[in-house]
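*Asks:* just a sequence and a predicted model for now, questions to come.
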Amino acid sequence: MARKPVLEGGKKDEIIAAASELFFTEGFEKTSVRMILDKVGGEVGMFYHYFRSKEELFDTVADRFFRQYEAAFGKMTEDVSTIEEFTDRLLSLYGSSMEQFAKIRGNMHWTVQSAFHERTLAAMIPAAEAMLEKYGYHGSYPLDIAAARSIASLSAALHSASFEAMNEDKKKQLIRDLITDCMR
């Protein structure tokens, strides 16, 4: 028998909110479907009416969390016309994103932090492809690989202790250099 379509809102949103809280504090492995349902006052059948598995629910939580970052990064890429502008906006977006993350990180389990970091990088690849095309990518790698390489390089730099120790001008120059390297 085919499943009925499930509308957004109501108990589904309650399950997602409860799961978010538990995934952040307990981690994915330690969070059970029963724990989530206890928070919302629901039964197992209700859970499986909305989600096929705990993994699907985690993906839903992550998708909702990252929609705003995908949109912001994509808009930033569309709005800027030079690598210098992109660098300035990237540093600003990174700063505000890290401030928001610090507010929710508190007791966030390392497994969730790791999964969210990976999802962040993956979510940025389409915008990185657009950025590389916009600035005249002419490298020998396929565009998706070049975009993933640029995101990985930027992530490694932004999350390093040596980057934090740099002054603003050096940070900007490093980002521009990484982007330029990925253009080849």
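*Replies:* That came through, no problem.

*Asks:* need the phi and psi values for the residue nearest the centre of the chain.
*Replies:* Central residue of the chain (CA atoms, centre = their mean): Thr120, 2.4 Å from the mean position. Per-residue torsions, Thr120: phi -60, psi -50 (degrees, to the nearest 10).

*Asks:* do you know how far it is from Thr87?
*Replies:* 19 Å (CB to CB, to the nearest Å). For glycine as for every other residue, the C-beta is placed from the backbone atoms N, C-alpha and C.

*Asks:* next: Arg149.
*Replies:* In this view, Arg149 and Thr87 are 17 Å apart by CB to CB.

*Asks:* surely the residue nearest to the centre of the chain and Phe66 touch.
*Replies:* Yes. Using CB atoms under 8 Å, Thr120 is in contact with Phe66, at 6.5 Å.

*Asks:* what residues are shared contacts of these two?
*Replies:* The contact sets of Thr120 and Phe66 do not overlap (CB atoms under 8 Å, 6 or more residues apart in numbering).

*Asks:* for the strand or helix carrying Lys171, what is the distance to the chain centroid?
*Replies:* If you go by DSSP states H and E, Lys171 is part of helix 168-183. From the chain centre to the centre of helix 168-183 is a distance of 22 Å (CA atoms, centre = their mean, to the nearest Å).

*Asks:* so what touches that helix?
*Replies:* Against helix 168-183 from outside (CB under 8 Å, 6+ apart): 83-84, 86-88, 90-91, 131-132, 135-139, 146-147, 149-150, 153-154, 157, 163, 166.

*Asks:* do stretch 77-97 as well
*Replies:* Under the contact criterion CB under 8 Å, 6+ apart, stretch 77-97 has outside partners 69, 72-73, 76, 127-128, 130-131, 134-135, 154, 158, 168, 171-172, 175-176, 179-180.

*Asks:* run the last query once more with 6 Å
*Replies:* Contacts to stretch 77-97, defined as CB atoms under 6 Å, 6 or more residues apart in numbering, come from residues 72, 76, 127, 130-131, 158, 172, 175-176, 179.

*Asks:* pLDDT-wise, which helix or strand of the protein ranks last?
*Replies:* For the chain, scoring each helix and strand by mean pLDDT, DSSP states H and E identifies helix 83-105 as the least confident one, at a mean of 78.

*Asks:* between it and helix 168-183, how big is the angle?
*Replies:* Angular relation of helix 83-105 and helix 168-183 on a 0 to 180 degree scale: 110 degrees, by axes from the mean of the first three to the mean of the last three CA atoms, to 10 degrees.

*Asks:* ok now helix 83-105, how far from the chain's centre?
*Replies:* With CA atoms, centre = their mean, you get 12 Å for helix 83-105.

*Asks:* quick check: buried residues in it?
*Replies:* 83, 86-90, 94, 97 (16 or more other CB atoms under 10 Å).
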